[in-house]
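# how does the following fold in three dimensions:
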Amino acid sequence: MNTKYKVLLIGCGNMAGGYDLLQPEEAFPLGHAKAFQQHGGFEITCCIDPDTAQRKAFQNRWKISHGYANWQAIPQDLGPFDVVSICSPTDAHAQDIQSALVFNPRLIFCEKPVTQSVRETQKAMHDCAEKKVMLAVNHSRRWSPEVQHIKQQLALGKWGAVRSVSAVYNKGALNNGSHMMDLLLNLFGPLQITHVGQAVLDHFETDPSVDTCLVNQDGVPIQLNIAHAKDYSIFEMQVVTEKGVISMEDGGARWRFRHAEPSAQLPGYSFLNHGEWIATQGSSALQNAVVNLYDALTQGAALACTGIHALQAQSLCEHIQQQALAKWTQPQHKRVAA
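Residues are numbered from 1 along each chain as shown. All right, here's what the predicted structure looks like:
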């Protein structure tokens, strides 16, 4: 690759590269640093993190020559940066995007959610558009080949009509719920909230997990169930269709495809077979995301997940939170604490 784009990485925690520390070198990247370095078309020239020990360890592991505690400490002559990769805590995203725009990058790659509120995300999108800066958001399943394949199969009618969808998540309607909402939007199109149920504070004081009923434009009922984050992590989905059932387990690490077959014992009846399990050897989503970023920069390719996609998911999550909060304020209802 002749073109190497300079990357400024914000935040030196798990999503930046910490998740890769215990993985074998040949494994798919789980964090931004490894994904950029494996690609070969990017060079991380600088990172920011207020934790000195964490920042220096991160620089040493990923061979990043410049590291600073904050934006103000970056020398003006160190830029410009082509890409700003934001892996800081969510409550810092809004300000980090504004600070990034001062450096006039061509692209910002931000962890989800973009900000803590729809209003702040709309402002971030507006300001990026004004400066003609592309905004990509890491709703990672947008880059999952398994999800892309299933989306294509559903669109082509390979599974017939979709009858219903049920999913389960935990650790916050915005934190993890936005990932599930984006997945549902990607597969089934625009969604409408029909019922908001129990809210559980299972991890974040300001971001409860909320069970919710939705429907898409074709009238397909979608049930979003919740689990408790202190029990275990879970992110799973089951799609019931005319011709069988598609199941996603372990966040997309395992998929099961069961097809309806005529019964050998009961004439006129069909039952689901045992199906086929597909277990992925790690997720290539982040690797694919960086390829997409490079193609967007070099060829003008469309980004698979933009601020618009992220805003659609966040808007639904925020409405769910607002309806849940309204229930909390009624005397007959009590929030469920962790």
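
# what residue is smack in the middle of this protein?
Note on the chain: the residue nearest the mean C-alpha position is residue 139, at 2.3 Å, using Cα atoms, centre = their mean.

# residue 127 versus that one, what's the distance?
20 Å (Cβ to Cβ, to the nearest Å). Where C-beta positions appear, they are placed from N, C-alpha and C, glycine not excepted.

# the residue nearest to the residue nearest to the centre of the chain when sequence neighbours are not counted sits in which helix or strand?
Excluding the flanking residues, the one nearest residue 139 by Cβ to Cβ, 6 or more residues apart in numbering is residue 182, at 4.1 Å. If you go by DSSP states H and E, residue 182 is part of helix 177-188.

# neighbouring strands for the worst-scoring helix or strand of the chain on mean pLDDT, and are they parallel or not?
The weakest-scoring helix or strand in the chain, judged by mean pLDDT, DSSP states H and E, is strand 276-279 (a mean of 90). Its sheet considered, strand 276-279 pairs with strand 254-262 (antiparallel) by DSSP bridges.

# for the partner strand, buried residues please.
255, 256, 257, 258, 260 (16 or more other Cβ atoms under 10 Å).

# from the chain's centroid, how far away is the longest strand seen in the chain?
Secondary structure of the chain per DSSP state E: the longest strand is strand 191-204. Centroid separation for strand 191-204 versus its chain: 18 Å, with Cα atoms, centre = their mean, to the nearest Å.

# could you shift the numbering so residue one becomes 482, and keep it that way?
Sure, I'll start numbering at 482, so the last one becomes strand 672-685.

# hey, C-alpha coordinates of it in PDB?
Output of strand 672-685 as PDB, limited to C-alpha atoms (Å, rounded to 0.1, in the frame of the first residue of the first chain):
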ATOM      1  CA  LEU A 672     -38.700   0.000  14.000                       C
ATOM      2  CA  GLN A 673     -41.500   1.400  16.200                       C
ATOM      3  CA  ILE A 674     -41.700   1.000  19.900                       C
ATOM      4  CA  THR A 675     -45.000  -0.600  21.000                       C
ATOM      5  CA  HIS A 676     -44.400  -1.300  24.700                       C
ATOM      6  CA  VAL A 677     -41.700  -0.500  27.300                       C
ATOM      7  CA  GLY A 678     -41.600  -2.800  30.300                       C
ATOM      8  CA  GLN A 679     -39.400  -3.400  33.200                       C
ATOM      9  CA  ALA A 680     -36.200  -1.300  33.800                       C
ATOM     10  CA  VAL A 681     -33.300  -2.900  35.600                       C
ATOM     11  CA  LEU A 682     -30.200  -1.000  36.900                       C
ATOM     12  CA  ASP A 683     -27.900  -3.900  36.300                       C
ATOM     13  CA  HIS A 684     -24.600  -1.900  35.700                       C
ATOM     14  CA  PHE A 685     -25.000   1.800  35.100                       C
END
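
# can you show me the helices along the stretch 632-781 of the chain?
658-669, 766-780 (DSSP state H, counting those that start in this stretch).

# and of those helices, who's closest to residue 556?
helix 766-780 (24.3 Å; Cβ to Cβ).

# so which bits of that closest one are buried?
Buried residues in helix 766-780 (16+ other Cβ under 10 Å): 766, 767, 768, 769, 770, 771, 772, 773, 774, 775, 777, 778.

# same question for stretch 604-615.
605, 606, 609, 614, 615.

# and if you look at stretch 663-676?
Buried-residue list, stretch 663-676, by 16+ other Cβ under 10 Å: 663, 664, 665, 666, 667, 668, 669, 672.
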